[in-house]
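*Asks:* sequence first, then the predicted structure:
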Protein chains: 2
Amino acid sequence: MNVRQRQGQKTKKKIIEAAIALFHERGFNNVTVDEIVAVTNTSKGAFYNHFTSKHEVFAEQFKQIDQFYVEHLVPQLDADQSVIERLTRFLELQMNYLQDELGWDVTRTIYEQELSTERSSYFLDPDRPLYDILFTLCQEGIDKGEFKEGYSAHDIVTVLIHGMRGVLYNWSLNRGRISLADEQRMMFGALLDGLSAE
Amino acid sequence: MNVRQRQGQKTKKKIIEAAIALFHERGFNNVTVDEIVAVTNTSKGAFYNHFTSKHEVFAEQFKQIDQFYVEHLVPQLDADQSVIERLTRFLELQMNYLQDELGWDVTRTIYEQELSTERSSYFLDPDRPLYDILFTLCQEGIDKGEFKEGYSAHDIVTVLIHGMRGVLYNWSLNRGRISLADEQRMMFGALLDGLSAE
DNA sequence: AATAGATACAGACCGTAGTCTCTTCATTAT
DNA sequence: ATAATGAAGAGACTACGGTCTGTATCTATT
């Protein structure tokens, strides 16, 4: 990496850090791009050279979410447990992470952005690690006969994702005033009950 | 209603009809307020006198949705069927209506708006007729022992609403490319299975 | 070493949602 | 009948996300 590129990365990093801090402090919608470039002594040109939109600064955080799932959540699962138990545990850990680490405003912003832009959506990316995690588990569950007949692994992942989206959408909509842990437990409890065999 | 008010309502109606038509034609995001006021020979002053935002013109349609549920969907339910069957049927009718009549772009816009504005949210309004419909059914189901022990009517409504949100969010996100009917059937099938007794 | 090309960045500019002020005129009070 | 009030509306203006063009400087080529 030459001097020029290094300088570029430095600027990018500076913008990300300042932006994330401001967002965290006052909420995404209350921070302007003009303000971000002012406090970082950069410019619109610099900002939009590194990011295609204000939302994309968020993506920097967002990309790390699935990485976190893979590195820190999946290893916590106990292979001795049934798939249903492991799924329950994974979803619980995931929701705790979102509630405690990411927060509702970030979540809300992501959910809003995904709906609003024409740009490439992370939710729709079939290679998203989260989908792999769930698919692998579900396939194992089917092979072991833990699920009702008639569901494919893809079906189950789809249903789980829908459940997740609904719970997270509502939690964001309520601005974190409801307990994600409670809502999550009820939702996936009912859902996995309905999906499991016998 | 005097002459002045009548004139106001006439203008409002004119704007709503033109806006809805334009939205339907080219999508919400591709229609500007300037354009709406141009084709209706009105002005920004007139527009924002009657609506607090571009999104709110949508609310006019939206308010009619629940009215439609109450007037046209609920009467179709067969009181001889079990509550679970009626819930299944209601959700099916509801999703069909949204898919065929309202369309994904309107749905997407509503879901986006609810997340983005600080303004009063329709989803959060506890008096929303949809919640009443579901609550009444669920309470009856509990009284008749159709649901598992330990769930209150409120719990069940919450879970169903979350399921609904997840399915509709995803359908909108996919710009109607997935079958709402199929996704809905799988989601509520699993969910009601998980919630019902024995 | 000289030149051409590329790119990080600056900042003027644009499009659009939403605001503010001002005018008009029906309605109400005197 | 006349004056005061206030809502419907016109349209200039603002705020802000995003684009476009220009510039300086680093890098690659010969």
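*Replies:* Noted; the coordinates are in hand. Residues are numbered from 1 along each chain as shown, chains lettered A, B, ... in the order given.

*Asks:* same question for stretch A:105-118: list its buried residues.
*Replies:* For stretch A:105-118, the neighbour count (16 or more other C-beta atoms under 10 Å in any protein chain shown) marks A:105-116 as buried. The C-beta positions use only the backbone N, C-alpha and C, and glycine is treated the same way.

*Asks:* near chain B, from those?
*Replies:* Of the residues in the buried residues of stretch A:105-118, proximity to chain B by C-beta under 8 Å from any C-beta of the partner chain holds for A:108, A:111-112, A:114-116.

*Asks:* interface residues of chain A facing DNA strand D?
*Replies:* Residues of chain A lying near DNA strand D by C-beta under 7 Å from any atom of the strand: A:2-4, A:31-34, A:44-45, A:48, A:52-55.

*Asks:* quick one, which of the residues you listed are buried?
*Replies:* A:31, A:33, A:54-55.

*Asks:* can you list the domains in chain A?
*Replies:* A:1-51, A:54-195 (automatic domain parsing).

*Asks:* what's the most buried one of those domains?
*Replies:* Neighbour counts (mean count of other C-beta atoms under 10 Å in any protein chain shown) averaged over each of these peak at domain A:54-195, with a mean of 18.

*Asks:* quick one: end-to-end distance for that one.
*Replies:* 40 Å (C-alpha to C-alpha, to the nearest Å).

*Asks:* does it reach DNA strand C?
*Replies:* No. Domain A:54-195 lies out of reach of DNA strand C by C-beta under 7 Å from any atom of the strand, never closer than 11.7 Å.

*Asks:* what is the subsequent helix or strand relative to the helix or strand containing residue A:88?
*Replies:* Secondary structure assignment for residue A:88, by DSSP states H and E: helix A:83-97. Using DSSP H and E, the helix or strand that follows helix A:83-97 in sequence is helix A:104-116.

*Asks:* what packs against that next one?
*Replies:* helix A:3-26, helix A:54-68, helix A:153-173, helix B:104-116, helix B:153-173 (3 or more C-beta pairs under 8 Å, 6 or more residues apart in numbering or on different chains; DSSP states H and E).

*Asks:* try 7 Å this time
*Replies:* For helix A:104-116, the helices and strands in contact under the criterion 3 or more C-beta pairs under 7 Å, 6 or more residues apart in numbering or on different chains; DSSP states H and E are helix A:54-68, helix A:153-173, helix B:104-116, helix B:153-173.

*Asks:* of the ones you listed, which is nearest residue B:83?
*Replies:* helix B:153-173 (10.0 Å; C-beta to C-beta).
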